[in-house]
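Student: Task: produce atomic coordinates for the following.
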Amino acid sequence: MKMRLNLFLEPYKEPCPDWLMSFKPGDQFDIKAFLNSRTIYCPHKFNDRHPVKLFSRTHSAHCFVYVDYFSAPQKFEDSLINSISEYHLRFKNYHTLERLHLSLSDLLPDDWTSNSGNYHTSTFDRELESFGLLELLERDAGLDDSYGAARIAILFINASIIATYDALYCQENGVNPPFAVLCHDTCFMNDEGKLGKGGHFERVAKSYHVFPQFLLMNDGAQPWDGYTEISHVNGTPADWHGTMRHLFQRNVPKNSL
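Tutor: Below you'll find the predicted structure:
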C-alpha cells in the first residue's frame, strides 16, 4: 500500500525560519537569509499553487522561488490580488503580511559570474524598476498548525529560469541548494528548454554540483541522472489541469555520507 505524499513529507517538518517569523512590515529583506532557508524552486508557471500548498501544509518548507521569463512582476502581483482571475494565486486562510517590489541589487547584492553560458543571462543586465516581487503571507488569526505554516515567503523573479538558478544557487556565496525543484515538462519543449533529463537546466546543476534533495515531476517527465522515484509514495494532483506529480529523490553516493 502506497502512502500519501503529504505523509511522506511529515518527517521533514521544520520550524518557520527565524528571519521570517520575526519579520515586521518595513523590515529590510535579506536575500541570503531567504536562500539559506529551505527553498522550493518553481520554474515557469507563476500561478501554480501546488508546490506552496504541498510543502507549506506539511511544514516541510516555507520559502518558494517562482521564476518566469515571460511574465512581469505586475502580472504576478495581479494574480495575488484578483481572486477571480484564471491566473489567481491567492491562498485560503492567509493574508498578506508584506509585499515588496525588489530591484536587481536586492536579489544579487554582490557581483555574480555566469556559469550557465549565454542563456538569457542578459536578463540580469536590464534596468528595471521592479525586477522581482516578494510576498510574505501570514496565517489568519485563530488558526493552528493544522491549517499550514504560520508564515510563507514567495519570491517571484522575472528572468530566465536557468540564469536565475545559476545566480542564486551556483555562486560561491555559501547558500544552500533548493530542497526541491519543480520540473514540469510538456511535449512542446525541446531538449534545451525542458527542465528534466537532458536539458540545459540539468547540465548547469551537474556542472556546479548544485542538486536539490528532491525533484517534483509531472507524468511523463524524465528525472535527472541520479534521481529515483520514491516508489512507495503516491503521486499528487497538481493545480495545473489535474496533472499528477511524483517525487524523486537524489541518490547520495555512499562515499559522501
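Student: C-alpha only now, for contacts and for neighbours.
Tutor: Fine.
Student: Touching, His246 and Asn234? I think so.
Tutor: Yes: the pair His246 and Asn234 qualifies as a contact (C-alpha atoms under 8 Å) at a distance of 7.2 Å.
Student: Show me where the stretch 1-150 of the chain has its helices.
Tutor: Using DSSP state H, counting those that start in this stretch, the helices of the stretch 1-150 of the chain run over 5-9, 18-21, 31-35, 50-57, 73-81, 104-107.
Student: just these: most buried one?
Tutor: Here the criterion is mean neighbour count by mean count of other C-alpha atoms under 10 Å, and of the helices of the stretch 1-150 of the chain the winner is helix 50-57, at a mean of 20.
Student: Quick one: distance of it to the chain centre.
Tutor: Mean C-alpha position of helix 50-57 versus that of the full chain (C-alpha atoms, centre = their mean, to the nearest Å) differs by 10 Å.
Student: what does that helix contact?
Tutor: Outside of helix 50-57, the residues that reach it under the criterion C-alpha atoms under 8 Å, 6 or more residues apart in numbering are 6, 9, 40, 42, 61-62, 64, 146-149, 152, 182, 238-239.
Student: which residues sit in contact with the residue most central in space within the chain?
Tutor: Relative to the mean C-alpha position of the chain, the nearest C-alpha, by C-alpha atoms, centre = their mean, is the one of Tyr41, at 2.4 Å. Contacts were defined as C-alpha under 8 Å, 6+ apart; by that measure Tyr41 touches Phe64, Val65, Tyr66, Pro178, Ala180, Val181, Leu182.
Student: Quick one: which of the residues you listed is the most crowded by neighbours?
Tutor: Ranked by neighbour count under the definition other C-alpha atoms under 10 Å, the contacts of Tyr41 are headed by Phe64 with 29 neighbours.
Student: what's near enough to touch it?
Tutor: Thr39, Ile40, Tyr41, Cys42, Val52, Ala153, Ile154, Leu155 are the contacts of Phe64 under C-alpha under 8 Å, 6+ apart.
Student: Secondary structure element holding the last one?
Tutor: Take DSSP states H and E as the rule and Leu155 turns out to sit in strand 151-157.
Student: In its sheet, which strands sit next to that strand, and in what direction?
Tutor: Strand partners for strand 151-157, identified by DSSP bridges, are recorded as strand 63-67 (parallel), strand 132-139 (antiparallel).
Student: That's all I had, so thanks and see you.
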